[in-house]
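Below is the structure, and that's it, no one-letter string:
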C-alpha cells in the first residue's frame, strides 16, 4: 500500500490528536496512531480507551485501501525535524513494515496490526444533539476549567457541567471552594438536558478550538459524548452522576458592592501574597471609604505586607479573608477591565462579576472565605 502526503499537514494533525495518548497505557496498541486509508483520504485515530479522537487528511496519491498502526512517539519525533515536503509512505500489508521516503532520505519503522485497536463508543437511541459556536464553547471552557476539582470521593466535581435549557446553555465548574457559572445566550437546546465533561477531554477541546471556526455539534447520551468539529471528531466517556444544585450555593443578595480595577487588584494580590503563610495563603481584604487594604502576614517567619488600592465603596467598613491563589485564579479568568466584588459578611461567599458582561454572556464567579484570626 502506497500513498503520498504533505509532511507539515500530517505533523500538525498528528500533534493535535497526540495529546489523547497517556504516558502509560494498559494496552500497548494505545501507544500508536491508527492510520486508515480509504479512497484517497487518510483517517488518523488515537485513543486512551475512554477518549477517542479522529482527524482526516487528503492524500495526493494512493493505490489501495488499508489499516495499520504506527508508533506515535517515533513518527512524531521524526516528522518534527522535516521541513515542508511530500512524504511517500510504502506499507507492507503482511509484515507491517513501513518505509517513509522524503527528499534526501528515508525512514524505516515497524507498524502493527490494527485489529486490536479499540472501537470508539456509539451513542444510544436516546442521544441529545446541540450546536454551539466554536468560539463560545472555547470561552466557556476557558472560563470554567480552572475551577474543576481533583476529588476521588466526589467524581462529579472533576469536570465541567453543561446545563442545557431551551433558552440558554450554562457551563459550571466548582471544587467546593470556588465556583464559576458561565451562561451563554447564543446557544440553546431543543429540550432540557445536561452532562458532565471530564477534565481531560475538556482540555483537549481547549487546545483544538482556537483553530476552529463555525459550529461544534455536540451529541450525547448518559455515558458518552461526541464533539464534531470541522477537522476533528472526539468521542469521550462522560462522568456519571448528579451534579449538585449550583444555583442554591450562589448568594442572591450580597448587599455590599466593591468596584475595583481587575489588573490593579491582581497585581496587589500577587505582591502581598508572597508574605502570606505558606500553608494557608490567607490574605485579608479590608474595604472602607473607597479603598481596599490588602494585607497578609506569616507569623512563623515574622513577615507581613500591606497595600492600599482605590475602589468604589461607600458602605460600612468590613474585612474578609480569602485564599490568595484562588482569588488570583478567578481574576485571571475574567477578561473585563473592572470587576464588582459582592459581599455580605466575613463568613459568607464573595461573588465576583465583571462590571460589563461580554455580549450574550452572563459570567459569575464565587469564592468561599477563610477564617480571619483577628
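Nice, I can see it. Keep in mind it's a predicted model, so treat the numbers as computed, not measured.

Using the three-state scheme, assign residue 353.
Secondary structure, DSSP: H, G, I helix; E, B strand; the rest coil: residue 353 is strand.

ok, now residue 143?
Assigned by three-state DSSP, the conformation of residue 143 is helix.

Also residue 244?
Three-state assignment for residue 244 (three-state DSSP): coil.

and it, what is it in contact with?
Shown in contact with residue 244 (CB atoms under 8 Å, 6 or more residues apart in numbering): 156, 157, 174. For the C-beta atoms, the positions are set from N, CA and C on the backbone; glycine is no exception.

Residue 263 too?
By CB under 8 Å, 6+ apart, the contact set of residue 263 is residue 337.

where do the helices sit along the stretch 101-250 of the chain?
Here the stretch 101-250 of the chain has its helices, by DSSP state H, counting those that start in this stretch, at 134-144, 199-208.

between those helices, which one is nearest to residue 49?
Proximity to residue 49 (CB to CB) singles out helix 199-208 among the helices of the stretch 101-250 of the chain, at 12.0 Å.

Let me see the mean pLDDT of that closest one.
Averaged across helix 199-208, the pLDDT comes to 94.

Of the contacts of residue 244, select the buried ones using a PyMOL command.
Per 16 or more other CB atoms under 10 Å, the buried members of those correspond to this PyMOL selection:
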select buried, resi 156+157+174
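
Next step: the contacts of residue 244 restricted to strands.
Among the contacts of residue 244, the members found in strands (DSSP state E) are residue 174.

Need the winner for burial among the helices of the stretch 101-250 of the chain.
With neighbours defined by mean count of other CB atoms under 10 Å, none of the helices of the stretch 101-250 of the chain is more surrounded on average than helix 134-144, at a mean of 21.

could you give the angle of that helix to helix 199-208?
130 degrees (axes from the mean of the first three to the mean of the last three CA atoms, to 10 degrees).

ok, how many other residues are close to residue 261?
Residue 261 is flanked by 16 other residues according to other CB atoms under 10 Å.

How about it: what's its closest non-neighbour residue?
residue 338 (5.7 Å; CB to CB, 6 or more residues apart in numbering).

right, and that neighbour touches residue 266 too?
No: counting by CB atoms under 8 Å, residue 338 does not reach residue 266; the two are 12.0 Å apart.

Am I right that residue 280 is in a strand?
No: read with three-state DSSP, residue 280 is coil and lies in no strand.

residue contacts, it?
Residues near residue 280 by CB under 8 Å, 6+ apart: 323, 370.

Could you do residue 82 as well?
Residue 82 touches 7, 11, 102, counting by CB under 8 Å, 6+ apart.

how close does the second one get to residue 112?
It refers to residue 11. Relative to residue 112, residue 11 is positioned 21 Å away (CB to CB, to the nearest Å).

picking that back up, can you put the helices of the stretch 101-250 of the chain in JSON lines and add distance to residue 184?
Below are the helices of the stretch 101-250 of the chain laid out as JSON lines (distance: least, CB to CB, whole Å):
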{"stretch": "helix 134-144", "distance to residue 184": "5"}
{"stretch": "helix 199-208", "distance to residue 184": "15"}
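
Of these, which is nearest residue 252?
Comparing the helices of the stretch 101-250 of the chain by their distance to residue 252 (CB to CB), the top pick is helix 134-144, with 21.2 Å.

Since that was my last question, I'll sign off now.
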